[in-house]
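[1] Based on what follows, work out the 3D shape:
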Amino acid sequence: MTGGIAEHVAERIMGSKRMGWSMKRVRKAVFPVAGLGTRFLPATKAIPKEMLTVVDRPVIQYVVDEAREAGIEHFIFVTGRNKAVIEDHFDVQFELYDTLAQRGKDDQLARLQRLQPAPGQTSFTRQQVPMGLGHAVWCARELVGDEPFALLLPDMIMQSEKSCMKDMVELYAETGNNIIAVQECDPAEAHKYGIVGRGEDTHHGFRITGMVEKPKPGTAPSNLFINGRYILQPEIFGILESQERGAGNEIQLTDAMLKLEKQQSFYGYHYKGRTFDCGSPEGFVEANVAFALWRNDMNASMAGVIRTLLDEMKPSERRGVLG
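    Next up, the predicted model:
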């Protein structure tokens, strides 16, 4: 056994004894869906931003499907007021299913049934006051219990042949520690994101040597930004319990992870696919175009529509779009 591997195995064993957790499978995922979606008003006045559709599926469906592909069995939604439609979306719609069956729309019915979580697979808890991501995660503590869990930010949807979370779960199985997915950004834009420091490679990830939220220009430890996918150990809840408010007068998850980092190792998974920030109108439109072009039944017609729209633009508009 090489020194690096032996050291890694020893760390896992000692970490397990020291922290009191054993190597448990990642079975549960948390989805913070309590946000108001003010950047999409008036569209989100009555409809949760998570239910806005990218092509023909709500944004939240893409994120849940990613978790399901990774082997997640229990989906925990941290909701707020006016979010009941999310719960309805993941419930059985008897009248709709019956109507589709009577009309012979078997393909549509089968598709809906494939997306339907099994009884007992979904749980909903309320974040009564918007106090930040860290607080939303803490609200799920009783449903998660003493287990590692996945955290998926529903604004961020991924496009790749193999899901980001599936690869993260595989890295977790190799390391037994906290995992954060990261991607590269323009170094000049690093001050807009949570950035990690990159240590030595291990398995198909790397050790994280530090984390900083929105570093000052020129001070970022790398250009690897946190893209909204995490696997965290349950000790994070004890830290969040007494976590003081940070940036924006909110309880920040990054602040809690920095404290947990002093007790447990963090590993980074360098995701190579595309990520779309559907929390912004620009990212949402980009996601619709990208996923439409990705579909075999739509890519040819959509490419033609885009070319036609560009051809019909005025010269002054084209200069602004094409540079």
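
[2] Give me the neighbour count for the nearest residue to residue 217 once chain neighbours are set aside.
    Nearest residue to residue 217 in three dimensions, chain neighbours excluded: residue 191, at 5.0 Å (Cβ to Cβ, 6 or more residues apart in numbering). C-beta: built from backbone N, CA, C; applies to glycine. Residue 191: 16 surrounding residues under other Cβ atoms under 10 Å.

[3] do the same with residue 93
    With other Cβ under 10 Å as criterion, residue 93 counts 13.

[4] OK, contacts around it?
    residue 112 (Cβ atoms under 8 Å, 6 or more residues apart in numbering).

[5] Next up, phi/psi of it, please.
    Per-residue torsions, residue 93: phi -110, psi 90 (degrees, to the nearest 10).

[6] Please renumber the chain so that the first residue is 5 from this point on.
    All set: I'll call the first residue 5, so the last point we hit is now residue 97.

[7] For it, give me the pLDDT.
    Reported pLDDT at residue 97 in the predicted model: 87.

[8] Also residue 250?
    pLDDT at residue 250 comes out at 64.

[9] Could you do residue 319 as well?
    Per-residue confidence (pLDDT) for residue 319: 68.

[10] now the one 5 residues further on
    We have a pLDDT of 54 for residue 324.

[11] right, and the secondary structure at residue 260 would be what?
    helix (DSSP: H, G, I helix; E, B strand; the rest coil).

[12] let me redo that: residue 166
    Classified using three-state DSSP, residue 166 is coil.

[13] Please apply the same query to residue 177.
    Following three-state DSSP, the label given to residue 177 is helix.

[14] In this protein, what residue spans correspond to helices?
    Along the chain, counting by DSSP state H, helices occupy 7-23, 63-73, 88-93, 98-106, 110-119, 137-142, 145-148, 168-179, 239-245, 257-265, 285-298, 303-316, 319-326.

[15] So for residue 190, which of those sits nearest?
    Closest approach to residue 190 among those (Cβ to Cβ): helix 285-298, 15.6 Å.

[16] Run the angle between the closest one and helix 63-73 for me.
    Following axes from the mean of the first three to the mean of the last three Cα atoms, to 10 degrees, one obtains 60 degrees for the angle between helix 285-298 and helix 63-73.

[17] could the helices of the chain go into TSV alongside mean neighbour count and distance to residue 157?
    Compiled in TSV, those are given as follows (neighbours: other Cβ atoms under 10 Å; distance: least, Cβ to Cβ, whole Å):
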stretch	mean neighbour count	distance to residue 157
helix 7-23	13	26
helix 63-73	21	8
helix 88-93	14	15
helix 98-106	12	29
helix 110-119	12	20
helix 137-142	23	8
helix 145-148	17	16
helix 168-179	21	12
helix 239-245	19	15
helix 257-265	20	10
helix 285-298	16	12
helix 303-316	11	27
helix 319-326	9	29
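
[18] Of these, which shows the lowest average pLDDT?
    Here the lowest mean pLDDT among the helices of the chain goes to helix 7-23, at a mean of 44.

[19] Show me how far stretch 49-64 is from its chain's centre.
    15 Å (Cα atoms, centre = their mean, to the nearest Å).

[20] Please name whichever of the helices of the chain is nearest to residue 223.
    Here helix 257-265 is closest among the helices of the chain (Cβ to Cβ), at 15.6 Å.
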